[in-house]
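>>> the sequence and its predicted three-dimensional model are supplied below.
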Amino acid sequence: METHALLFDESEIYVGRDFGSFEFEITPELVRTYTAGTGDVHPWYTGASPLGGPIAPALILHSAPFRRLDWYLPNLFGNLHAREECEFLAPVMVGERLQSRSLIVDRYLKREREYVVNETLLFNAAGRLVTRLRVHQSFLMQKPADGEQRLAVDRSRERAANRVFPVGERGGEPIAAPMRPVTQAMCIAFSGPSRNYHTDRDAARELGFPEIVVQGMLSVCMLAGMMTARFGMGFLAGGRMDVRLVNVLWCGESTGPRGLIVERRPEGRRHRAQVEVWCEKADGTKTVVGSASAVEP
């Protein structure tokens with residue numbers, strides 16, 4: 001008998017619980033769907049690349065941790081993606097098959113929310129680890145009483161005095177990508193085709209939101225696209241990101257990724273560029289803040 005069977009009920013979301021694996025084929029159609037959902041277009045995704053054929057976007061399998069959702073806590077009202085950690089250890093070619101493995105690596109409490117951390121590892125056919133993802137998903141400790149009508153998060157929250165995030169204020173080399181309006185069609189391409197709070201307004205209201213909540217990973221993918229455009233293979237093979245999702249991006253709003261190269265540190269025979277990164281709305285409201293890095297010659 002395994003040790004965990006002596007300690008935990010089979011329904012518990014405990015640290016160490018393994019949620020199994022899935023196989024994913026990285027097809028040209030998957031890349032087209034990704035591009036339609038994110039607006040991230042790079043010539044390497046569909047044509048020649050330094051490795052010969054097309055290379056997949058770094059976060060082509062951004063949805064792998066969400067392939068099954070039984071690692072979520074029972075109270076789905078107001079649940080939000082709070083933080084994302086990514087490591088890109090080797091490029092993924094279009095046409096490859098990858099195998100995932102997901103397990104719970106942490107649970108913690110913070111400001112009336114409970115957090116579950118899912119680590120998903122992606123391996124190529126040779127068994128090499130190519131990508132590591134850590135999703136910090138947050139859940140409200142209390143859900144509304146029966147019949148109580150309230151919003152878990154409303155549009156006014158982001159204007160609160162305590163939601164100011166001082167990023168981009170240091171000296172450094174700026175990098176950026178165009179501001180893009182996020183349409184419902186993009187949300188469906190990225191988070192669909194099923195009806196959920198990332199694709200349908202009524203489904204969003206059922207979970208305590210006034211409008212479609214743009215899936216947090218869309219902004220994270222925009223940051224990854226910006227880093228790929230700037231650093232190329234140095235991000236696809238050696239890149240990292242650690243970002244917090246601090247404000248909700250609502251369907252119909254515009255957003256854009258931003259970065260500031262603040263430092264370069266030696267790493268073997270190369271250097272690692274340290275980048276302060278964030279996404280902001282057209283009015284300057286920050287939705288994602290954090291750090292990223294890539295290898296340079």
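Nice, thanks for sending it over. Numbering: from 1, shown residues only.

>>> C-alpha from now on. contacts and neighbour counts both.
Will do.

>>> tell me how many other residues surround Val262.
Using other CA atoms under 10 Å, the number of residues around Val262 comes to 15.

>>> for stretch 281-297, buried residues please.
Neighbour-count burial for stretch 281-297 flags 281, 285-296 (criterion: 16 or more other CA atoms under 10 Å).

>>> give me the three-state assignment for the spatially most central residue of the chain.
Nearest to the geometric centre of the chain sits Met217, at 3.2 Å (CA atoms, centre = their mean). Of the three states, Met217 takes helix under DSSP: H, G, I helix; E, B strand; the rest coil.

>>> His62 is in contact with that one, correct?
Yes. The pair Met217 / His62 is scored as a contact, 6.9 Å apart, by CA atoms under 8 Å.

>>> picking up where we left off before, which ones among the buried residues of stretch 281-297 map onto strands?
Using DSSP state E, the members of the buried residues of stretch 281-297 that fall within strands are 281, 286-296.

>>> redo the residues you listed as CSV? Include pLDDT and distance to Leu223.
Listed next are these as CSV, based on pLDDT from 0 to 100; distance: CA to CA, whole Å:
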residue, pLDDT, distance to Leu223
Lys281, 95, 14
Lys286, 94, 13
Thr287, 95, 12
Val288, 97, 9
Val289, 97, 10
Gly290, 97, 10
Ser291, 97, 10
Ala292, 98, 9
Ser293, 98, 11
Ala294, 98, 13
Val295, 98, 16
Glu296, 95, 18
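
>>> how about JSON lines for those residues, with distance to Arg68 added?
Formatted as JSON lines, these follow (distance: CA to CA, whole Å):
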{"residue": "Lys281", "distance to Arg68": "30"}
{"residue": "Lys286", "distance to Arg68": "29"}
{"residue": "Thr287", "distance to Arg68": "26"}
{"residue": "Val288", "distance to Arg68": "25"}
{"residue": "Val289", "distance to Arg68": "27"}
{"residue": "Gly290", "distance to Arg68": "27"}
{"residue": "Ser291", "distance to Arg68": "28"}
{"residue": "Ala292", "distance to Arg68": "27"}
{"residue": "Ser293", "distance to Arg68": "30"}
{"residue": "Ala294", "distance to Arg68": "31"}
{"residue": "Val295", "distance to Arg68": "33"}
{"residue": "Glu296", "distance to Arg68": "36"}
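
>>> which of the buried residues of stretch 281-297 sit farthest apart?
Thr285 and Glu296 (30.8 Å; CA to CA).

>>> all the strands of the stretch 1-150 of the chain, in order from the start?
23-25, 80-88, 97-110, 113-123, 129-140 (DSSP state E, counting those that start in this stretch).

>>> what's in contact with the third one?
Think strand 97-110. With CA atoms under 8 Å, 6 or more residues apart in numbering as the test, strand 97-110 has contacts from 13-26, 64-65, 71, 114-125.

>>> redo that, cut-off 6 Å
The contact list for strand 97-110 (CA atoms under 6 Å, 6 or more residues apart in numbering) reads 15-25, 114-124.

>>> give me the pLDDT for the residue nearest to the centre of the chain.
On pLDDT, Met217 comes in at 96.

>>> next up, the contacts around it.
So Met217 contacts nothing (CA under 6 Å, 6+ apart).

>>> same thing but 10 Å
By CA atoms under 10 Å, 6 or more residues apart in numbering, the residues touching Met217 are 38, 59, 62-63, 81, 83-84, 135, 190-191, 223, 245, 288.

>>> cool, and Ala125?
96-99.

>>> closest one of these to Gly168?
Among the contacts of Ala125, and counting by CA to CA, the member closest to Gly168 is Leu98, at 36.0 Å.

>>> list the beta-bridge partners for the closest one.
Phe24 (DSSP bridges).

>>> and it, how many neighbours?
Residues lying near Leu98 (other CA under 10 Å) number 23.
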